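Engineer: sequence first, then the predicted structure, then my questions.
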Amino acid sequence: MQVLYLLIETVVKCVVVFACLMLSVAYLTWLERKVLGHIQIRFGPNRCGPFGLLQPFSDGIKAFFKEDLVPGRADKAIFVISPMISIISAIALFAVIPFGNEFTIPGTNWVVKLRIADIDIGLLYIFGIASLGEFGIVLGGWSSGNKFGLTGSLRAAAQMISYEVALGISIIGVIILSQSLRLSDIIHQQAGGFWNWNIWYQPVAFVLYIICGLAEINRTPFDMPESESELACGFNIEYSSMKFALFFMAEYAHMITMGALAVTLFWGGWQAPLPQLDFIPGVVWFCGKLFVFCFFFIWQRGTFPRLRYDQIMKFGWKILFPLALINLLITALVVLLKG
Amino acid sequence: MIIPLLKGLAFTLGRFFSKPITIQYPEEKVPPAKRWRGIQYFEKDERGKTKCVACGLCMVVCPSQCIYIETAEDEEGRRYPLVYELDVTRCIFCGFCEEACPVNAIFMGKTYEWVEGRREPFVMNTEKLLEQKKYNP
């Protein structure tokens, strides 16, 4: 019976998390258009439903009814499979993110932990799967048989290599502090108020994480793979209909996951900023903090122009990478000296 | 290098909280300019009929030739337009008809929105032109 209960619990959690994630992805697109609109002193979508709230569904229906085109010179199998790689890896990332503390179902002694999988190599899993997501972009651009797509995917590959290094190294500082790759351990290590959060112990790593994370999810200052002005949408130029929508959803799901990981690693996860506020459920805190990050990602998109390709490479290798290394060395030294 | 980035963020955040300047067209409208030349209307005389005496000056002056007039005389010997047709689809809203009119019968109105599914309704006759008066107080 225990196994059956566990199975039911896992399936329910999977379904709920998947539904919530997809809904947040839908409304993140709405939020992005709204916020960008207001930044540019206009309204953004406001025709479809109150405040344009039905816009994501309208977009979804539209994407569904578009012609699903596969170019004649495309490598068909890879062309079809690459949006799937993108979306699957973006969704699979969320499996290890703890979005709340555990609670006991009333009337039983069954403890539900609010995370789908609590694996002891959580961070490693996340970085593995996140890099896999880049393959969707690289293969998608390469297989469409289009010079813009190819250029976009080459840029994606180069950017992935140069920023993943700094991203990984900036995270190691956090791992040194918490002595664990398990995400719930990292959260428990930051318990007891906002002054215990890792952001105060690893400020440089936090900034590096945000910058490299933006590059990793191909967001605007670093959106070289799909630079609209030079590559006419880059890697997804030949994609239409639901294949394009899958890339789009993957990008936003990835963005949510990057925000969730930032919350987990640096902002204390689902824990309240003050111990007195512990009565509010962890899920609320988690979503609130996640919203702050998502808003920041959109806000900075409306602010910063895109970097030039060589500037991005230079910035990644000559500034971020050494900074991350220095941060790692200092953290290791301090931890070693403190014992 | 960091300070300008933060300045930019502060600027866009200020813009985010400012009121959008968009004018949402079908609900909100910008009033047309003082000398705006829109769809024409006929001024009424004291009998409630058109002031037009069907002199044909507007027909002559119209550069796009969108006005067609057939003249008639009533029992008092007063000339009036038996047929007055103004094809709005051809009109270029130059305002020459208003300028040419010796009896101040035709005026350029303020309206600029008119949607129909067919062409025929756009040919305005005397009654329609008199009706247009109500949009131009």
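Structural biologist: Done, it's in. Numbers count the residues shown, from 1 in each chain, chains lettered A, B, ... in the order given.

Engineer: which bits of chain B sit near chain A?
Structural biologist: Neighbours of chain A within chain B, by CB under 8 Å from any CB of the partner chain: B:5, B:8-9, B:11-13, B:15-22, B:24. From N, CA and C alone the C-beta is placed, and that goes for glycine too.

Engineer: quick one: the strands in the stretch 101-250 of chain A, in order.
Structural biologist: Along the stretch 101-250 of chain A, the segments classed as strands by DSSP state E, counting those that start in this stretch run A:103-104, A:111-112.

Engineer: B:Lys110: which of the ones you listed is closest?
Structural biologist: Nearest of the strands of the stretch 101-250 of chain A to B:Lys110, taken as CB to CB: strand A:103-104 at 66.1 Å.

Engineer: and the contacts of that closest one?
Structural biologist: With CB atoms under 8 Å, 6 or more residues apart in numbering or on different chains as the test, strand A:103-104 has contacts from A:Trp110, A:Val111, A:Val112, A:Leu114.

Engineer: just among the residues you listed, which is most surrounded?
Structural biologist: Compared across the contacts of strand A:103-104, A:Leu114 has the highest neighbour count, 20 neighbours, by other CB atoms under 10 Å in any protein chain shown.

Engineer: that residue contacts A:Pro98, doesn't it?
Structural biologist: Yes: the pair A:Leu114 / A:Pro98 is scored as a contact, 6.6 Å apart, by CB atoms under 8 Å.

Engineer: what sits in contact with each of those two?
Structural biologist: With CB under 8 Å, 6+ apart as the test, A:Leu114 and A:Pro98 both reach A:Trp270.

Engineer: tell me the two of the contacts of strand A:103-104 that are most distant?
Structural biologist: Pairwise across these, and taking CB to CB, the largest span is found between A:Trp110 and A:Leu114, at 13.4 Å.

Engineer: for the spatially most distant residue from the centre of chain A, give me phi and psi.
Structural biologist: Computed with CA atoms, centre = their mean, the maximum C-alpha offset from the centroid of chain A is found at A:Gly107, amounting to 36.9 Å. Backbone torsions for A:Gly107, taken as degrees, to the nearest 10, come to phi 90, psi -10.

Engineer: can you add mean pLDDT and distance to A:Thr257 and give the strands of the stretch 101-250 of chain A back as JSON lines?
Structural biologist: As requested, the strands of the stretch 101-250 of chain A are exported to JSON lines (pLDDT from 0 to 100; distance: least, CB to CB, whole Å):
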{"stretch": "strand A:103-104", "mean pLDDT": "75", "distance to A:Thr257": "24"}
{"stretch": "strand A:111-112", "mean pLDDT": "74", "distance to A:Thr257": "22"}
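
Engineer: where do the strands sit along chain B?
Structural biologist: B:40-42, B:67-73, B:79-87, B:106-108, B:123-124 (DSSP state E).

Engineer: the third one pairs with which strands, parallel or anti?
Structural biologist: Same thing as strand B:79-87. As defined by DSSP bridges, the strand partners of strand B:79-87 come to strand B:67-73 (antiparallel), strand B:123-124 (antiparallel).

Engineer: for the helix or strand of chain A with the lowest mean pLDDT, buried residues please.
Structural biologist: Using mean pLDDT, DSSP states H and E, helix A:228-231 stands out as the lowest-scoring helix or strand of chain A, at a mean of 70. The neighbour-count criterion (16 or more other CB atoms under 10 Å in any protein chain shown) identifies A:Leu231 as the buried residues of helix A:228-231.

Engineer: leaving out sequence neighbours, find the closest residue to B:Phe42.
Structural biologist: Leaving out its chain neighbours, the residue that sits closest to B:Phe42 by CB to CB, 6 or more residues apart in numbering or on different chains is B:Leu129, at 4.1 Å.

Engineer: around chain B, pick out the residues from chain A.
Structural biologist: Residues of chain A lying close to chain B by CB under 8 Å from any CB are A:35, A:37-43, A:46, A:299-300, A:302-304.

Engineer: ok, B:Glu76 to A:Ile97 distance?
Structural biologist: Using CB to CB, to the nearest Å, one obtains 91 Å as the distance from B:Glu76 to A:Ile97.

Engineer: which one of these two is surrounded by more residues?
Structural biologist: The neighbour count for B:Glu76 versus A:Ile97, taken as other CB under 10 Å, is higher for A:Ile97 (25 against 6).

Engineer: my read: that one touches A:Leu261, true?
Structural biologist: Yes: between A:Ile97 and A:Leu261 a contact is recorded at 7.0 Å, counting by CB under 8 Å.

Engineer: just the pLDDT for B:Pro63.
Structural biologist: B:Pro63 carries a pLDDT value of 91.

Engineer: look up how far chain A lies from it.
Structural biologist: Distance from B:Pro63 to chain A, counting by CB to the nearest CB, to the nearest Å: 39 Å.

Engineer: residues near that residue, how many?
Structural biologist: By other CB under 10 Å, neighbour count at B:Pro63 equals 9.

Engineer: show me what contacts it?
Structural biologist: Applying CB under 8 Å, 6+ apart, the residues near B:Pro63 are B:Ile92, B:Cys94, B:Phe96.
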